[in-house]
Structures are given as structure tokens and as C-alpha cells.
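Enquirer: What follows is a predicted structure for the sequence shown.
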Amino acid sequence: MTKLSVNINKIATLRNARGGNLPDLLKAAINCERFGAQGITVHPRPDERHIRYSDVFDLRPLITTEFNIEGYPSKKFIDLVLEVKPDQVTLVPDAPDAITSNSGWNTIKNASFLTEVICEFRKNGIRTSLFIETDPVMIRKAADTKTDRVELYTESYAKNYPLNKETAIKPFHDAALIAGEVGLGLNAGHDLNLENLNYFSQNIPGLLEVSIGHALICDALYLGLENTIQLYRRQLLKK
């Protein structure tokens, strides 16, 4: 079954808006797991506008499911990952001032850089995933870097789903088949929500994990965190 990893960045954003420790990020992470999350994702950015580097250290001993750290592999980020040793690191090509992830890796242009970084993580027993779009060439080249997985960037799917869900899913289905052919595990994330998640999970072969933050936390404002996590878990059940 596809696992649900809850991205808690937005909880940190809310905390940082007023200073202090409300809401309590650590308590929220523990509750997410208690309510059914099968992983916790954080994405510390250089300006620490949501998740702080100190949060990552505080969270590490508390996470009992899977801890996934996303980020651009700067030296500071690499050092953080090597010290914390999460279960998974997801590498994204974000500029320092990016509001949110908005593109996948060019695995041709960045082949040597990514291969070097991934080699270091592999030596330390950390599973690595590359944030990537559905371009078949980029997926095949991703395998050459020795990454364990790729995470499909699903913004275009979410945008086009209301217009024509069959058209929206096709490049992602095809990309999943290619990932399987070249031996890559498959994750996905970005703008997946209660409306489009079930169709996505049913039509993407080999989908191991989805990472969802913004939509899930927004839904939790209306529906409650426990109920929301359970609703998302149900969307991942194959029918």
C-alpha cells in the first residue's frame, strides 16, 4: 500500500508567524503519527521561514515511522542530513528564495553533482529520492546517479485533473512505468489533495509514498487533524 508522509512545514509557518511555540511542532508531528501518518516530511530552507534546522534535530528522536528531509543539497543541507541520518532524503532543485518547489531536476546537466551527493548519502545508509518531472529521458538518467527513488512532481496533474483526469494522469502513468523499468522506487508529491489523490494512486503502478503538506494542513483546519489524516489514508486504498 502507498504510504502517506505528512509534510509539517505549514505548521511551522503558523508557529513562526507569532514567535513562541504555538502551535507546538513536535507535538503536531507526534500526533500526525498517532493519527495514522506513515511518515513525517520536513523541508528546511536557507531562510528558515518555516522548518528551522534546529527543528530537524529536535524531531529526529521523536519520529517512529519514517523521517524524510527535503531540500536543495547545499553544503549546509548535506551536513545536516549526514548528522541527522533520516530514513530518506529528497533532493529538490529549489533556488534559495523559492516559495515552494516548482520544477524537477535536470538529471543530464546535474548528473555529476547529483551522483557525488547521492554516493555520500548511500555510504551513510540514507535512502535518496530525486524530485523530478515526467520527462522519460530525465527519469532514465536519474537511474544513472544511483538514486534509490524518484519523486514525481505532480503540480501539472493537480492543475489538469479537473479539466480531464485521463489526460492529466497519462504522463505520470508512463513515467511510473519507465521508473519501474530502470529499477527506481517511486514517490510523488505537490498539490495532491482529497479530490485528486485516489485517482492518482489507483493509476500509478508501483507508487510507494506520497508526501502531502499544504492541502492536508488546510483540510485539517476544517476537518480536524486526525480525521483529515484518516481521510487521506483512505484515498490511498486500492479499489
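Expert: Arrived safely. Residues are numbered from 1 along each chain as shown.
Enquirer: Show me the beta-bridge partners of the residue nearest the centre of the chain.
Expert: What sits nearest the mean C-alpha location of the chain, by C-alpha atoms, centre = their mean, is Ser211, with 4.0 Å. Counting by DSSP bridges, Ser211 forms beta bridges with Ser5, Gly189.
Enquirer: List the residues that contact it.
Expert: By C-beta atoms under 8 Å, 6 or more residues apart in numbering, the residues touching Ser211 are 5-7, 39, 41, 68, 70, 90, 151, 187-189. No exception for glycine: its C-beta is placed from N, CA and C like everyone else's.
Enquirer: Let me have those residues in JSON lines, extended by distance to Arg60, neighbour count and pLDDT.
Expert: What follows is those, written out as JSON lines (distance: C-beta to C-beta, whole Å; neighbours: other C-beta atoms under 10 Å; pLDDT from 0 to 100):
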{"residue": "Ser5", "distance to Arg60": "15", "neighbour count": "25", "pLDDT": "98"}
{"residue": "Val6", "distance to Arg60": "16", "neighbour count": "30", "pLDDT": "98"}
{"residue": "Asn7", "distance to Arg60": "16", "neighbour count": "26", "pLDDT": "98"}
{"residue": "Gly39", "distance to Arg60": "13", "neighbour count": "22", "pLDDT": "98"}
{"residue": "Thr41", "distance to Arg60": "13", "neighbour count": "25", "pLDDT": "98"}
{"residue": "Asn68", "distance to Arg60": "12", "neighbour count": "26", "pLDDT": "98"}
{"residue": "Glu70", "distance to Arg60": "15", "neighbour count": "27", "pLDDT": "97"}
{"residue": "Thr90", "distance to Arg60": "16", "neighbour count": "26", "pLDDT": "98"}
{"residue": "Glu151", "distance to Arg60": "21", "neighbour count": "28", "pLDDT": "98"}
{"residue": "Asn187", "distance to Arg60": "20", "neighbour count": "26", "pLDDT": "98"}
{"residue": "Ala188", "distance to Arg60": "25", "neighbour count": "25", "pLDDT": "98"}
{"residue": "Gly189", "distance to Arg60": "21", "neighbour count": "24", "pLDDT": "97"}
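Enquirer: with these in mind, which one is nearest to Leu231?
Expert: Using C-beta to C-beta, Val6 is the member of the contacts of Ser211 that sits closest to Leu231, with 12.4 Å.
Enquirer: all helices of this protein, in order?
Expert: Here the chain has its helices, by DSSP state H, at 9-18, 25-34, 53-59, 75-84, 111-123, 136-144, 155-160, 165-181, 197-203, 214-223, 225-235.
Enquirer: how about a markdown table for those helices, with mean neighbour count, distance to Asp94 and mean pLDDT added?
Expert: Formatted as a markdown table, the helices of the chain follow (neighbours: other C-beta atoms under 10 Å; distance: least, C-beta to C-beta, whole Å; pLDDT from 0 to 100):
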| stretch | mean neighbour count | distance to Asp94 | mean pLDDT |
| --- | --- | --- | --- |
| helix 9-18 | 17 | 13 | 96 |
| helix 25-34 | 18 | 21 | 98 |
| helix 53-59 | 16 | 16 | 98 |
| helix 75-84 | 15 | 10 | 97 |
| helix 111-123 | 15 | 14 | 97 |
| helix 136-144 | 18 | 17 | 97 |
| helix 155-160 | 17 | 14 | 97 |
| helix 165-181 | 17 | 21 | 98 |
| helix 197-203 | 19 | 23 | 97 |
| helix 214-223 | 17 | 15 | 98 |
| helix 225-235 | 18 | 24 | 98 |
